[in-house]
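Engineer: A predicted structure for the sequence below; I have some questions about it.
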Amino acid sequence: MAAILLPVAQVEAGCGDGASSFLISKNVNMLESLLKEVVALGDLEASPSDIQGHSETPNGTPYGEIQLAIEMKPLDRSLSSCEIFAVNLPYVVRNEIREFVTTIATGYENHPFHNFQHASHVAHLSNILVHSMDGNNKGASGIVHDPFVRFAIVLSALVHDVDHSGVPNGRLAEEKPDMARKYSQKSIAEQNSIDVAWGILMSDEFVNLRNCLFGNSAAKQRRLRQLMVNSIMATDIFDQDLRELRELRWEKSSSCGSCMSTLILEHILQASDVVHTMQDWEIYRQWNGFLFQEMYTAYLEGRADKDPSESWYDGELWFFDNWVLPLARKLKESGVLNAVSDQLLEHANRNRSRWEVEGRQICISMLASLKEKPTVRKTTSSSTSSHSVQSLFSDVSTSETMLTTTIVEEIESLAKVMKRYERKLETACGNLVAVKCKGEADPTIVGLKEQPLPRKLQFFREKSWYNEISQKDPDTCTVPSETQCDEISATSSGHSAGSQSNPIHEMLIHAEIIANDPLI
């Protein structure tokens, strides 16, 4: 596990706002890979009638949709690598995946812990844990061998904290009483995240992505929602009713295969959500520091009644003893993660022991570090009324500075994207010139090699053969990779006149896709 999990966490734990585009791309690639398996699955999947589900929003809230058991049957056979490799996701679908992940990313506030970096950490770790599962295990086989379930797990992990307020459910109920009433004072943040994410997925902007996932099948749509509801609601570890339901599910798991599969499904999300406690000490320390910063900041802002620094040391020991270690032991007992579960439990025990020895001093250091930074003072009615005009102007100035910084970072990020696509467009047009110049005596075509990119595009767009090809649907065309384009360019001198149409067609479509890319 040290070689598989820890590097991912090391990358994610140190990420700041400037890494958002990097994280978005990582999540997009992961979801695309899983979706290709879903598409390749085709008619091999379990019949929708075999899946226990509900209407879209029964009882009005996700809490009412939670199931004791979700049936997950293994497929008759596994997909081959060739079957998966043969799938080409349509361009519009790939674009909508990126837009969806970007929209979810913007739904995360810039809290020290509950942010998009945390969501990405959880998503990637859940994907790794699922791939580490023993496909021959009775409870795990319906997960491992069904890409639809695996897609649902990773998707759930990515959105599980979207729109998080940076405070626990108890405080959230006080700050947003309307939301608390809507969700009957139960798992408020978790239910809200489900509704926000589901609303985004069901919007008109992602109709092609939905069609690729479940087409016109209402049963598949219910199946995805059911998997997401059970997975995300499992991350509320403090709701007593949910804890009792989990215990009941555990008791029935020995005789109920669906109960065991559902239990494993939820355990994967629960473990991924707190997996920093089961990893290398430095990773644990880093994320523990982020969470302390978030809680202490909330206290300074008047969003918490108690100073978390007073109980942080004992609270971590309680968390290890009452949640992390029992969860790690259950994963080991289930036998689904093979040797990985041994390493998770070993890291958890080691971190708990080291925290017991070093934790008090670490708490002192974390508090001292935060006190050295400029922070928002604890807000009360008296302190608000005593604000001077100067401090108010200072607050406005600080807000403007933060906004300016955010906008500048976004501009620079987009500029890098534009530059990258510009280089790809230049390469595609250069390849087209190389192929089209073969045997051409027209000096205007030969001279294109030295012309700037806009001139090359203008020249080709004036040609009837170019327009005939470029007006075709890009999704029906095979777009070569840059490596393939390089190979075509390098070997263009060996093409016969009769064999030029296909590479020209492919590179032309490649150029038009890049030129019209909405990301630019």
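Structural biologist: Structure's in. What do you need? Since we're looking at a predicted model, the values are computed, not measured. Numbering: from 1, shown residues only.
Engineer: residues in contact with the residue sitting nearest the centre point of the chain?
Structural biologist: When Cα atoms, centre = their mean is applied to the chain, the residue found nearest the centroid is residue 158 (3.5 Å). Neighbour list for residue 158: 27, 31, 101, 104, 119-120, 122-123 [criterion: Cβ atoms under 8 Å, 6 or more residues apart in numbering]. Any C-beta I mention is one placed from the backbone N, CA and C, and that applies to glycine too.
Engineer: and residue 239, how many neighbours does it have?
Structural biologist: 15 (other Cβ atoms under 10 Å).
Engineer: what does residue 328 give?
Structural biologist: A total of 27 residues lie near residue 328 under the criterion other Cβ under 10 Å.
Engineer: dump the residue contacts of it.
Structural biologist: 271, 278, 341, 344-345, 348.
Engineer: likewise residue 324?
Structural biologist: With Cβ under 8 Å, 6+ apart, residue 324 has these contacts: 274, 277-278, 348, 352.
Engineer: which ones among the residues you listed lie within helices?
Structural biologist: Residues of those located in helices (DSSP state H): 348, 352.
Engineer: contacting residues for the closest residue to residue 115 other than its chain neighbours?
Structural biologist: The shortest distance from residue 115 to any non-neighbouring residue, by Cβ to Cβ, 6 or more residues apart in numbering, is to residue 108 (5.2 Å). Residue 108 sits next to 114-116, 119, 161-164 when contact means Cβ under 8 Å, 6+ apart.
Engineer: pLDDT, neighbour count and distance to residue 293 for those residues - can I get that in CSV?
Structural biologist: Formatted as CSV, the contacts of residue 108 follow (pLDDT from 0 to 100; neighbours: other Cβ atoms under 10 Å; distance: Cβ to Cβ, whole Å):
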residue, pLDDT, neighbour count, distance to residue 293
114, 96, 23, 11
115, 95, 23, 11
116, 95, 26, 16
119, 96, 26, 17
161, 97, 26, 16
162, 97, 25, 20
163, 96, 16, 20
164, 96, 22, 15
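Engineer: would a markdown table of the contacts of residue 158 with distance to residue 425 and secondary structure be doable?
Structural biologist: Shown next, in a markdown table, are those (distance: Cβ to Cβ, whole Å; DSSP: H, G, I helix; E, B strand; the rest coil):
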| residue | distance to residue 425 | secondary structure |
| --- | --- | --- |
| 27 | 25 | helix |
| 31 | 26 | helix |
| 101 | 24 | helix |
| 104 | 28 | helix |
| 119 | 32 | helix |
| 120 | 29 | helix |
| 122 | 36 | helix |
| 123 | 31 | helix |
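Engineer: pick the one among these closest to residue 41.
Structural biologist: Taking Cβ to Cβ as the measure, residue 31 is the one of those closest to residue 41, at 15.3 Å.
Engineer: got a list of what the residue nearest to the closest one when sequence neighbours are not counted touches?
Structural biologist: Nearest in space to residue 31, with sequence neighbours left out and distances taken as Cβ to Cβ, 6+ apart, is residue 97 at 5.5 Å. Each residue near residue 97 by Cβ under 8 Å, 6+ apart is listed here: 28, 31-32, 35, 209.
Engineer: wait, which of these is closest to residue 216?
Structural biologist: Closest to residue 216 out of the contacts of residue 97 is residue 209 (14.2 Å), distances taken as Cβ to Cβ.
Engineer: now do the buried residues in stretch 166-178.
Structural biologist: Within stretch 166-178, the residues that count as buried by 16 or more other Cβ atoms under 10 Å are 166-167, 169, 171-173, 176.
Engineer: low-confidence ranges in the chain?
Structural biologist: Where the chain drops to pLDDT under 70, the residues are 1-19, 43-59, 74-79, 374-410, 412-421, 424, 435-446, 470-520.
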